[in-house]
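Participant: pasting the structure only:
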Ligand SMILES: O=C(O)CCC(=O)C(=O)O
């Protein structure tokens, strides 16, 4: 069901915010929405939050008028493939206008034009991952049509957003984003999201090839998995939701996702929200870039096409990668030197800290101490917010492939009551337990670490190698390699 229409039918279900646009009421104030986003560890769908956004009218027809004649790059993929994921490196690309896309997509045989080589019954087209700033460079007023300020991020609009326009079957292979969490507004058509929690990572066979900064891909085509090759995938906890126009999906940090268009035309808009944890993630990403570029270039100095995702402009030199790494490490220390020690000090002296401080400290603990801490107490509060306007995305039991279609067809609404209890128990309790046991020790550890001045000397290749080939690391790598071989 489209939440846009729901907004007009049950305004009394709203739980708080001020009145907008006559009788319509948003169910969450910006402050409440942000609190949910910053604490929730489970994907969920916000309903009735965007009914007054001008961008709700951005169907492809409208966009083709706004972007009149603009050439856009479409990724072309096959509708029927086997068990291998369709990575961007294996797709072909077409430069076309939205008018040409619409003509091709109306299913008439196209004998001319940029899509002429692509039989509509066999191929899909996806104008994916398009930054508003490049798309609407001469129409910046349009940025105001997207109002992430309603979710508690003042000033955030289209400038920090990306646009996705696809035909039936277009999809993004399963991956996780290294940075931030994600808000996704479905504008036209429906998309089905297959989500897996971060702790499922070993079951998703992660790979950094193709290489793209900030994306960790899965080797598995999650809608047609090769279970002989990837048997651990059976253990993955798939969460599925069909996102309809007017709904906004919240994807928490590091949740894996595979996203497919299930209507003839889809349009969505998303924004990745920066998080505290991103400071450490940038260091991890810089290490990854350096390693991937060094080893893949050594393997074949002339062929980047096979391993570099088309979203990356080119492979970067070792020198540039060293600069990235040093920049990321310095930024990490700068950030925590200036902002965190004060908060930790406050935490030590005043256990009645605010929720905001609690969030920051927990995030900090996750980064510095590498402890897998989460915000159980805060999360529990967020789960009590679930209802008709915040629908949790819940786990689906895996079924034989023949039954898959039926299973994945429902939207978030129909699972809210049935699965709420299960969600509350299985996800909350364990995390609260971990939190209780480790909170005090971790806080002490951070506090003592924070008094030690961080090293600020240049990190050399040898410094990095010393960490990468540290015996503990090589042991883990050896184990992973051996596990991989024995499959
Ligand atoms: O909509 C899609 O195809 C993918 C979206 C995505 O990966 C994201 O927003 O992180």
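Facilitator: Cool, the structure landed. These numbers were taken from a predicted model, which means no experiment stands behind them.
Participant: and residue 124, what does it touch?
Facilitator: Shown in contact with residue 124 (CB atoms under 8 Å, 6 or more residues apart in numbering): 76, 77, 78, 79, 166, 167, 168, 169, 170, 171, 261. In this view, the C-beta of every residue, glycine as well, is placed from N, C-alpha and C.
Participant: tell me the most packed of those, by neighbour count.
Facilitator: residue 166 (31 neighbours; other CB atoms under 10 Å).
Participant: what sits opposite that one in the beta ladder?
Facilitator: On the basis of DSSP bridges, residue 166 is bridged to residue 126, residue 266.
Participant: what about residue 318, how many neighbours?
Facilitator: 12.
Participant: what ranges does the stretch 101-250 of the chain have for its helices?
Facilitator: 132-135 (DSSP state H, counting those that start in this stretch).
Participant: got the residues of it near the ligand?
Facilitator: Residues of the stretch 101-250 of the chain lying close to the ligand by CB under 6 Å from any ligand atom are 128, 164, 172, 177, 182, 184, 191.
Participant: name the nearest of the residues you listed relative to residue 458.
Facilitator: Distance to residue 458 across those (CB to CB) is lowest for residue 177, with 29.5 Å.
Participant: for the closest one, list the residues it contacts.
Facilitator: 214, 215, 254, 272.
Participant: pretty sure the second one sits against residue 179.
Facilitator: No: in this structure residue 215 lies outside contact range of residue 179 using CB atoms under 8 Å: 9.8 Å.
Participant: from the residues of the stretch 101-250 of the chain next to the ligand, pick the one nearest residue 26.
Facilitator: residue 184 (17.8 Å).
Participant: just the pLDDT for the closest one.
Facilitator: In this model, residue 184 is scored at 98, pLDDT.
Participant: next: the one 3 residues further on.
Facilitator: The predicted structure scores residue 187 at 98 on the pLDDT scale.
Participant: ok, residue 307 - contacts?
Facilitator: By CB under 8 Å, 6+ apart, the contact list for residue 307 reads 89, 209, 210, 211, 292, 296.
Participant: repeat the analysis, applying 10 Å as the threshold.
Facilitator: The contact partners of residue 307, by CB atoms under 10 Å, 6 or more residues apart in numbering, come to 89, 208-211, 292-293, 295-297, 299-300, 315.
Participant: thinking again about what came up before, shared neighbours of residue 215 and residue 179, anything?
Facilitator: Between them, residue 215 and residue 179 share the contacting residues residue 285, judged by CB under 10 Å, 6+ apart.
Participant: circling back to that earlier point, narrow the contacts of residue 307 to those that are buried.
Facilitator: Those of these that meet the buried threshold are 89, 208, 209, 210, 211, 292, 293, 296, 297, 315, by 16 or more other CB atoms under 10 Å.
Participant: returning to what we had before: in a markdown table, list the contacts of residue 124 along with pLDDT.
Facilitator: Output for the contacts of residue 124, formatted as a markdown table (pLDDT from 0 to 100):
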| residue | pLDDT |
| --- | --- |
| 76 | 98 |
| 77 | 97 |
| 78 | 96 |
| 79 | 95 |
| 166 | 98 |
| 167 | 98 |
| 168 | 98 |
| 169 | 98 |
| 170 | 98 |
| 171 | 98 |
| 261 | 98 |
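Participant: closest one of those to residue 202?
Facilitator: residue 171 (23.5 Å).
Participant: what sits against the closest one?
Facilitator: 75, 77, 79, 85-86, 124, 126, 128, 191-192, 194, 221, 223, 258-262.
Participant: select only the buried ones of those in ChimeraX?
Facilitator: This is the ChimeraX syntax for the buried subset of these, where burial follows 16+ other CB under 10 Å:
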select :75,77,85,86,124,126,128,191,192,194,221,223,258,259,260,261,262
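Participant: so, low pLDDT: which residues of the stretch 251-400 of the chain?
Facilitator: 340-383, 398-400 (pLDDT under 70).
Participant: closest residue of it to the ligand?
Facilitator: residue 259 (3.6 Å; CB to the nearest ligand atom).
Participant: so residue 170 sits against residue 259, correct?
Facilitator: Yes: the pair residue 170 and residue 259 passes the contact test of CB atoms under 10 Å, sitting 9.1 Å apart.
Participant: number of nearby residues for residue 327?
Facilitator: 13.
Participant: what helix or strand does it sit in?
Facilitator: For residue 327, the host element (DSSP states H and E) is helix 318-349.
Participant: narrow the contacts of residue 171 to those in strands?
Facilitator: Within these, residues falling in strands by DSSP state E are 75, 77, 124, 126, 128, 191, 192, 194, 258, 259, 260, 261.
Participant: can you check which residues contact both of residue 170 and residue 259?
Facilitator: Common neighbours of residue 170 and residue 259 (CB under 10 Å, 6+ apart) are 128, 164, 191, 266.
Participant: many thanks, I have nothing further to ask.
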